[in-house]
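> Here is a sequence with its predicted model. Questions after.
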Amino acid sequence: GKRRKERKARYKKLFENVLKEYTRCMVIGIDNVGSLQMQKVRKVLRGRAVMVMGKNTLMRMIIRQCMVANPKLETLLPLIKGNVGLIFTNENMKAVRDTVIEFKVPAGARANTLASNDVIVPPGATGLDPGQTSFFQALNIPTKISRGSIEIVNEVLLVKKNEKISVSHVALLNKLDIRPFFYGITVQTL
């Protein structure tokens, strides 16, 4: 009730000030980005740029109200879709973009998601006991037993880019402690 209205009023005031104060804006995608990662980016940008996140409908409403004073803001409206945020700055956009992109975090695979890049299992010792060879056979990975542990014979392309990751792929990557993906903030438009 009352708290929500106060929070929205504070957000509106902050967003309106940012829209008036800064001349440049970039739209960022924040899929699979954790709060610690966001915090680190905000800390680095402090003083140079302001990152604004929020409900898309609320952001669109405030932009529409501010369009009277600044008609250029209309270009932002169609870009606010999905899991996005805005970074405002008066500095060089390329420098700010490079700073934002450099924060990438390695991440393990998740079942039923699409691979953002090819996943390759390297050859070599796995440290797993020979009782788990059936697991590798099920995924058509050539192995041999060497010094009491399973060894992968050849490099294997486990999942191609944009393919769905299965539960068994996730289990194998976790057993081998492979974190094949890097998640970070993506810059969608400047």
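Alright, I've got the coordinates.
> ok, now how distant is the residue of the chain most remote from its centre from residue 126?
Distance from the C-alpha centroid of the chain peaks at residue 147, with 40.2 Å (Cα atoms, centre = their mean). Distance from residue 147 to residue 126, counting by Cβ to Cβ, to the nearest Å: 12 Å. For glycine as for every other residue, the C-beta is placed from the backbone atoms N, C-alpha and C.
> Where does the prediction get shaky in the protein?
Applying pLDDT under 70 to the chain picks out residues 190.
> Okay, helices next: where are they in it?
Taking DSSP state H, the helices of the chain run over residues 2-21, 35-45, 56-66, 93-101, 133-138, 167-175.
> returning to what we had before: nearest spatial neighbour of the residue farthest from the centre of the chain, skipping sequence neighbours?
Nearest non-adjacent residue to residue 147, counting by Cβ to Cβ, 6 or more residues apart in numbering: residue 125, 7.8 Å away.
> That neighbour touches residue 146, doesn't it?
Yes. Assessed by Cβ atoms under 8 Å, residue 125 is found in contact with residue 146 at 6.8 Å.
> what's the distance between residue 8 and residue 102?
For residue 8, the distance to residue 102 equals 33 Å [Cβ to Cβ].
> follow-up on the earlier one: is there a neighbour count for the residue nearest to residue 147? I'd like the number.
11 (other Cβ atoms under 10 Å).
> OK, contacts around it?
146, 147, 149, 150, 151 (Cβ atoms under 8 Å, 6 or more residues apart in numbering).
> can you tell me which of those are in strands?
146, 149, 150, 151 (DSSP state E).
> which of those residues tops the neighbour count?
Ranked by neighbour count (other Cβ under 10 Å), the ones in strands among the contacts of residue 125 have residue 150 at the top, with 21 neighbours.
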